[in-house]
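Engineer: please find the sequence and the predicted model below.
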Amino acid sequence: MTYLGDPDGDPVIISRHGRSVELTGRFKEAIFKRGVKKYLPGKNFIEGLDPINEYKFNNYGYRGPDFVKGVELVTAGCSQTYGVGVPEQGTWSALLAKQLGMSYVNLSAPGVSIEWIVHSLFSYFNEFGNPKVLAVLFPDFLRMEVVINSSINQSREVSKLDLATQGIDDEFTLGVVTCRSMELDDLEWRAKINKRPFFIEDTIPPEEAIFRSMKHIMMLESYCEAAGIELIWSGWSDDVAFLLERYGAKNISKHAIKCDGLEFWKAHWMEIPVTDEDPEGIHDIKMKHGISPDCPTDGVNSQCVCFIDCHSDLKEKFEDSFYLATDRHEKGKDNCHMGVHRHAHIADDFAEELLDRGVVSGVHSKTVS
């Protein structure tokens with residue numbers, strides 16, 4: 001017996017007014033399957049991201065512990081939560097679970113959207129049940145899940161190696177992909193006239209992506225409140241971080257917190273200077289330390305070159321990936337993901353909020369030195 005979400009089963013046909021749409025393969029599975037979709041990233045994909053760290057995959061192909069029933073803490077996000085460029089035990093998910101003394105799983109993948117995260121969480125809850133705590137680090141609001149049909153539209157941002165193409169059919173002509181809507185600074189130079197197949201990134205305005213992203217967060221919040229799940233969320237991207245900073249996290253959502261300093265990290269991550277003290281340019285100079293008489297720039301984060309002296313135990317353990325992740329292509333000059341130091345501060349912020357809420361009575365191993 002097959003079920004509607006079986007990619008190898010018979011196609012599902014949707015008909016209306018004499019016209020039909022046939023849904024097959026992984027695209028059909030992406031629409032109708034209720035459980036978590038399995039995948040294993042290709043070796044070349046991971047080595048292309050980070051040739052240094054070893055990536056081990058669980059029973060569903062994700063990074064971290066196996067997916068099983070009864071897990072206390074579920075974490076979710078995109079590549080920053082996946083931990084590209086850092087060892088698994090240096091991710092904020094692992095560090096937070098250690099502090100809370102909880103079992104955990106990490107439901108995240110590089111390049112995905114807020115919509116993908118929420119959909120995947122609902123699939124996880126359906127298959128494995130609800131956790132006690134759900135902690136999410138959302139990406140930017142401009143990513144979104146869309147359906148592409150190669151005769152009508154396509155995407156600049158996805159390929160067959162992309163982890164965000166879990167719903168693509170075998171011919172790569174139809175499916176659900178995660179792409180980015182128009183960037184906020186792209187609106188003026190986008191083509192005024194175009195022809196099929198349209199680039200999906202040229203036709204979806206940023207307002208649409210923001211609308212859908214926020215509605216999915218609200219939907220997740222409503223489910224967690226009804227199901228008794230303690231939800232805590234934040235965002236690493238500058239648009240989310242600035243929103244939480246400008247209006248106050250609790251004015252946006254009672255479930256949200258602002259992780260300290262993230263609004264500056266994304267905005268300046270390719271401006272880390274190479275200095276005599278730091279010839280490789282790998283120090284994470286974007287951690288807030290306030291106005292300090294010892295700071296040559298009076299504490300202005302975008303210019304500060306001070307060494308941030310904390311988490312010395314993790315610095316010793318994860319020396320090469322402490323300040324910046326090891327996917328940096330050319331040290332000091334190219335982009336990369338955040339290092340263990342940033343992961344540790346995110347774990348600390350989440351743990352402190354859960355402690356303040358009374359969800360946990362204490363922490364087992366604080367990462368703060």
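Structural biologist: In hand now; what should we look at? Numbering: from 1, shown residues only.

Engineer: where do the helices sit along the stretch 51-200 of the chain?
Structural biologist: Listed from the start of the chain, the stretch 51-200 of the chain has helices (DSSP state H, counting those that start in this stretch) covering 79-82, 92-100, 114-128, 200-203.

Engineer: give me the buried positions along the last one.
Structural biologist: Taking 16 or more other C-beta atoms under 10 Å as the neighbour-count basis, helix 200-203 is seen to contain the buried residues 200, 201. Every C-beta, even on glycine, is put in place using the N, C-alpha and C of the backbone.

Engineer: quick one, which of the helices of the stretch 51-200 of the chain is nearest to residue 248?
Structural biologist: helix 114-128 (20.2 Å; C-beta to C-beta).

Engineer: how about residues contacting that closest one?
Structural biologist: Helix 114-128 has contacts (C-beta atoms under 8 Å, 6 or more residues apart in numbering) with 33-37, 67-69, 71, 74, 76-78, 105, 107-109, 112, 134, 136, 138-139, 141, 143-145, 164, 178, 212-213, 216-217, 219-220, 223, 227.

Engineer: distance from the chain centre to it, please.
Structural biologist: Once both centres are worked out by C-alpha atoms, centre = their mean, to the nearest Å, helix 114-128 turns out to sit 13 Å from its chain's centre.

Engineer: with only the CA atoms kept, save that helix in PDB.
Structural biologist: Provided in PDB are the C-alpha atoms of helix 114-128 (Å, rounded to 0.1, in the frame of the first residue of the first chain):
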ATOM      1  CA  ILE A 114      11.800  30.700   7.400                       C
ATOM      2  CA  GLU A 115       9.000  28.900   5.600                       C
ATOM      3  CA  TRP A 116      11.200  25.800   5.100                       C
ATOM      4  CA  ILE A 117      12.100  25.800   8.800                       C
ATOM      5  CA  VAL A 118       8.500  26.000  10.000                       C
ATOM      6  CA  HIS A 119       7.300  23.400   7.500                       C
ATOM      7  CA  SER A 120      10.100  21.000   8.600                       C
ATOM      8  CA  LEU A 121       9.300  21.600  12.300                       C
ATOM      9  CA  PHE A 122       5.700  20.600  11.800                       C
ATOM     10  CA  SER A 123       6.800  17.500   9.900                       C
ATOM     11  CA  TYR A 124       9.100  16.700  12.800                       C
ATOM     12  CA  PHE A 125       6.300  17.200  15.400                       C
ATOM     13  CA  ASN A 126       4.000  15.000  13.400                       C
ATOM     14  CA  GLU A 127       6.500  12.100  13.200                       C
ATOM     15  CA  PHE A 128       8.400  12.400  16.600                       C
END
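
Engineer: now residue 337: how far from residue 357?
Structural biologist: Distance check for residue 337 against residue 357: by C-beta to C-beta, to the nearest Å, it reads 29 Å.

Engineer: give me the more crowded residue out of these two.
Structural biologist: Using other C-beta atoms under 10 Å, the more surrounded residue of residue 337 and residue 357 is residue 337, with 25 against 12.

Engineer: for that one, which non-adjacent residue is spatially closest?
Structural biologist: residue 325 (4.0 Å; C-beta to C-beta, 6 or more residues apart in numbering).

Engineer: look up how far residue 311 lies from that neighbour.
Structural biologist: In this structure, residue 325 lies at 15 Å from residue 311, with C-beta to C-beta as the measure.

Engineer: looking at these two, which one has more neighbours?
Structural biologist: For residue 325 against residue 311, the residue with the higher neighbour count under other C-beta under 10 Å is residue 325, and the figures read 27 against 21.

Engineer: for the more buried one, list the residues it contacts.
Structural biologist: Under the criterion of C-beta under 8 Å, 6+ apart, the contact partners of residue 325 comprise 50, 84, 85, 86, 336, 337, 338, 339.

Engineer: go again with 10 Å.
Structural biologist: When the contact criterion is C-beta atoms under 10 Å, 6 or more residues apart in numbering, the partners of residue 325 are 49-50, 52-53, 79-80, 83-86, 90, 282, 336-340, 342-343.

Engineer: filter those down to the buried ones.
Structural biologist: Judged by 16+ other C-beta under 10 Å, buried ones among the contacts of residue 325: 49-50, 53, 79-80, 83-86, 90, 282, 336-340, 342-343.

Engineer: let's see which of those end up in strands.
Structural biologist: Counting by DSSP state E, no part of those is found in strands.
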